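*Asks:* Sequence and computational prediction follow.
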Amino acid sequence: MGAKVLERFPAGAPRGSWPAEEYAARCRAEGGRATVVMDLSTDAFLVVVPGTDDDQPPSTGHASAGM
């Protein structure tokens, strides 16, 4: 299962400011399923929604049925 990134926010927001959480809350108020995760490699908060199987590229690592 993947996730689609809606927005990125730098982790260095001023004290008491939660822009990623506020954005996710607005998305949820509109009926979305947004959540916030931390991307440690870029030091950013990501607002994501669950992806579907259609969002994922086809897998090429599986053996075919005839093998």
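*Replies:* In hand now; what should we look at? Every value quoted in this text rests on a predicted model; they were computed, and no experiment measured them.
*Asks:* Only alpha carbons, please: show the host helix or strand of Leu6 as CSV.
*Replies:* If you go by DSSP states H and E, Leu6 is part of strand 3-10. Extracted as CSV, the C-alpha positions of strand 3-10 are listed here (Å, rounded to 0.1, in the frame of the first residue of the first chain):
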residue,chain,number,x,y,z
ALA,A,3,0.5,6.9,-0.1
LYS,A,4,0.1,10.1,-2.1
VAL,A,5,1.8,13.2,-0.9
LEU,A,6,-0.5,16.2,-0.9
GLU,A,7,1.9,18.8,0.6
ARG,A,8,5.3,19.2,2.2
PHE,A,9,6.2,21.4,5.1
PRO,A,10,9.7,22.1,6.5
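*Asks:* What strands line up against that strand, and which way round?
*Replies:* Its sheet considered, strand 3-10 pairs with strand 44-50 (antiparallel) by DSSP bridges.
*Asks:* Quick one: residues contacting the residue nearest in space to the middle of the chain.
*Replies:* Nearest to the mean C-alpha position of the chain, counting by CA atoms, centre = their mean, stands Val48 at 2.5 Å. Neighbour list for Val48: 3-6, 34-37 [criterion: CB atoms under 8 Å, 6 or more residues apart in numbering]. For glycine as for every other residue, the C-beta is placed from the backbone atoms N, C-alpha and C.
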